[in-house]
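Asker: kindly return the folded structure for what I paste below:
(one chain, ligands or ions: 2)
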Amino acid sequence: MTAPWWKTGVVYQIYPRSFLDTNGDGVGDLEGIRRRLDHLAWLGVDAIWLSPVFPSPMKDFGYDVADYCDVDPLFGTLGDLDRLVTESHARNLKVLLDWVPNHTSDQHPWFVESRRARTSPKRDWYWWRDPAPDGGPPNEWKAAFPAGIDAWTFDSTTGQYYLHQFLPEQPDLNWTNPDVMRAMHDVLHFWLDRGIDGFRIDVVHGIGKDPALPDEIPEWRGIPHVALNEQPSTHELVRGFRRLADAYPGDRMLVGEVFQLFSQTHERYFGANDELHLAFDLPASVATLWEEAAWRERIANVAARLDPIGAWPTWVLSNHDTPRHRSRFGSEARARAAAVMLLTLRGTPFLYAGEELGLEDAEIPADRRLDPGGRDGCRAPIPWTVGGTHGWATARPWLPWPPDAGERSLERLRADETSILHLYRRLLALRRSSAALREGSIALLDAPDGILAYERRADDERWVVAVNFASEPIAHAVAGTVVVASDGAGEGRAYRRILGPDQAVVVRRER
Ligand code: GLC
Ligand code: CA
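Answerer: Ligands and ions are numbered 1, 2, ... in the order given. Reported below is the predicted structural model:
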């Protein structure tokens with residue numbers, strides 16, 4: 001097979017703080033991930049992506065990086081990370097790190113130096129500007145969170161404002177400065193030399209800015225600037241990242257978080273096959289409702305935009321920034337049907353740790369809310385065992401447990417062959433065994449109202465995936481054998497040509 005692993009494989013996102021705590025401080029750590037590698041190999045994923053584990057004041061829980069080339073002691077040591085990589089590779093699991101190039105922490109030595117004086121040699125590494133004539137910020141841009149704040153903070157030491165598209169503690173780097181680019185390229189080399197298989201690139205579309213820093217157009221006033229930012233200079237920089245990664249052996253991979261409100265330019269991030277290997281199209285991916293028409297539209301749209309440029313799609317339902325799809329879609333039956341789609345669409349699926357357990361978001365009481373962006377619920381700790389501390393080294397993790405933690409624990413679901421966990425495992429195994437599902441073509445099929453159906457095909461191998469979005473059974477004619485069903489019903493038998501409410505099936509077509 002010639003396709004690179006990142007086209008045929010499945011990536012599993014780990015939010016390290018919430019995965020497994022082994023030393024009792026309530027926060028997940030690298031050792032916790034290492035101890036669960038056998039679980040991931042058993043499940044059948046191909047790669048893990050770790051949300052940031054670098055030294056950080058944790059104002060944005062690691063997305064405020066104070067040193068790009070080390071590990072925060074909360075998570076372990078650089079040695080622990082090396083060991084995790086070695087042991088992952090021994091299980092054929094690739095390891096992706098989360099690189100945050102748009103901004104640093106305000107505690108990063110680069111910013112500490114930059115903020116010191118207008119004459120600092122690093123002053124120009126960030127976006128410093130004089131106040132507007134009225135003393136206010138240089139333009140009207142808004143930060144992403146906390147909701148409504150300006151994207152500029154006044155620094156009284158030097159009497160200027162600095163730009164931050166996120167928290168004031170996350171100043172934006174100035175990528176027009178070649179020294180910034182060189183320093184960041186060194187970061188990529190540091191990790192690639194250590195054997196890291198690639199990066200998820202945080203808010204990659206944010207790094208190039210319009211040098212004139214103009215106000216938003218009137219219709220967009222008040223929308224966080226980062227959701228609108230789109231600049232040719234970003235693409236030039238991304239081509240540089242790609243050249244750097246591709247110079248390494250072994251298919252190193254760059255997947256970018258492209259999060260533009262109107263999905264207006266997502267496909268540009270593939271360039272002429274010289275920018276990102278993969279790009280998330282957020283928020284479209286996580287905002288698609290549980291409706292047949294919405295999914296049909298989205299699947300057609302992805303194909304229409306990416307096929308002509310030879311780009312490979314990604315599919316993602318949940319991550320650490322958005323309510324889990326089990327919570328959004330409203331039932332386990334739907335989460336199961338969604339898993340069938342996620343793992344049979346054409347493109348690379350990204351799973352978010354805990355979705356294989358069917359976890360819902362945690363209820364976060366007011367006195368335990370931590371995230372300035374209101375995203376704590378989807379970051380609840382993963383329950384591994386039924387009772388006690390659910391496998392964690394403490395009874396009180398940093399966030400509350402998700403609902404029914406014992407019933408949703410790995411221990412309980414692994415013992416139950418009918419569980420959603422086993423459904424994920426069957427789907428992952430099926431995908432691995434089928435060239436058509438991994439790399440084949442996709443075509444939407446005509447189907448009765450309420451049913452989404454598509455065909456995956458390679459050579460003479462043909463599959464039909466059918467999903468019933470309705471709350472009643474619907475007759476649906478396809479000749480073939482049910483190989484996986486979202487509820488397990490009828491697997492291994494001829495398709496009965498009827499789909500139950502919120503049921504999805506993967507049918508092998510007779511020739
Ligand atoms: C991305 C991350 C999010 C973070 C933000 C700022 O959107 O996924 O968690 O808060 O970037 O780094
Ligand atoms: Ca810990």
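Asker: every contact and neighbour count from this point should use C-alpha atoms.
Answerer: OK.
Asker: near ligand 2, which residues of this protein show up?
Answerer: 21, 23, 25, 27-29 (C-alpha under 5 Å from the ion).
Asker: looking at the residue of the stretch 401-511 of the chain found nearest ligand 2 now. What's its pLDDT?
Answerer: Of all residues in the stretch 401-511 of the chain, the one sitting closest to ligand 2 is W401 (15.8 Å; C-alpha to the ion). In this model, W401 is scored at 98, pLDDT.
Asker: what kind of secondary structure is it in?
Answerer: Here W401 is coil, with the state taken from DSSP: H, G, I helix; E, B strand; the rest coil.
Asker: just want the most central residue of this structure.
Answerer: Centroid check for the chain by C-alpha atoms, centre = their mean gives N319 as the closest residue, at 5.1 Å.
Asker: three-state assignment of that residue?
Answerer: N319 carries the three-state label coil when classified by three-state DSSP.
Asker: against R83, how distant is it?
Answerer: According to C-alpha to C-alpha, to the nearest Å, N319 stands 25 Å off from R83.
Asker: and A41, by the same measure?
Answerer: 16 Å.
Asker: residues making contact with stretch 147-164?
Answerer: Contact partners of stretch 147-164, identified using C-alpha atoms under 8 Å, 6 or more residues apart in numbering, comprise 103, 115-118, 126-131, 137-138, 140-143, 165-166, 168, 170-172, 222, 224-225, 373.
Asker: just stretch 132-146 next, same as before
Answerer: So stretch 132-146 is contacted by 129-131, 148-154, 161, 164-167, 213-216, 221-227, 372-373 (C-alpha under 8 Å, 6+ apart).
Asker: can you tell me the element the closest residue to ligand 2 within the stretch 301-450 of the chain falls in?
Answerer: Residue nearest to ligand 2 within the stretch 301-450 of the chain: A393 (7.9 Å; C-alpha to the ion). Using DSSP states H and E, A393 falls within no helix or strand.
Asker: residue contacts, it?
Answerer: 21-26.
Asker: which of the residues you listed count as buried?
Answerer: Using 16 or more other C-alpha atoms under 10 Å as the burial test, the contacts of A393 include 21-23, 25-26 as buried.
Asker: any chance of a markdown table for these, columns pLDDT and secondary structure?
Answerer: Shown next, in a markdown table, are those (pLDDT from 0 to 100; DSSP: H, G, I helix; E, B strand; the rest coil):
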| residue | pLDDT | secondary structure |
| --- | --- | --- |
| D21 | 98 | coil |
| T22 | 98 | coil |
| N23 | 98 | coil |
| D25 | 98 | coil |
| G26 | 98 | coil |
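Asker: nearest to W463 among those?
Answerer: D21 (41.3 Å; C-alpha to C-alpha).
Asker: farthest-separated two in the residues of the chain next to ligand 2?
Answerer: Checking these with C-alpha to C-alpha, the most distant pair is D25 and D29, at 9.5 Å.
Asker: buried residues in the helix or strand bottoming out on mean pLDDT in the chain?
Answerer: Least confident helix or strand, the chain: helix 284-287 with a mean of 90, by mean pLDDT, DSSP states H and E. Under the neighbour-count criterion of 16+ other C-alpha under 10 Å, helix 284-287 has 284-286 buried.
Asker: same question, stretch 498-508
Answerer: Buried residues in stretch 498-508 (16+ other C-alpha under 10 Å): 499-508.
Asker: other residues contacting that stretch?
Answerer: Stretch 498-508 is touched from outside by 333-334, 336-337, 340, 462-477, 480-487, 495, with contacts defined as C-alpha under 8 Å, 6+ apart.
Asker: and that stretch, what's its mean pLDDT?
Answerer: 97.
Asker: run a quick neighbour tally on R17.
Answerer: Per other C-alpha atoms under 10 Å, the neighbour tally for R17 reads 27.
Asker: is it in a helix, a strand, or coil?
Answerer: Under three-state DSSP, R17 comes out as helix.
Asker: hang on, isn't it packed against D29?
Answerer: Yes: under the criterion of C-alpha atoms under 8 Å, R17 makes contact with D29 at 6.4 Å.
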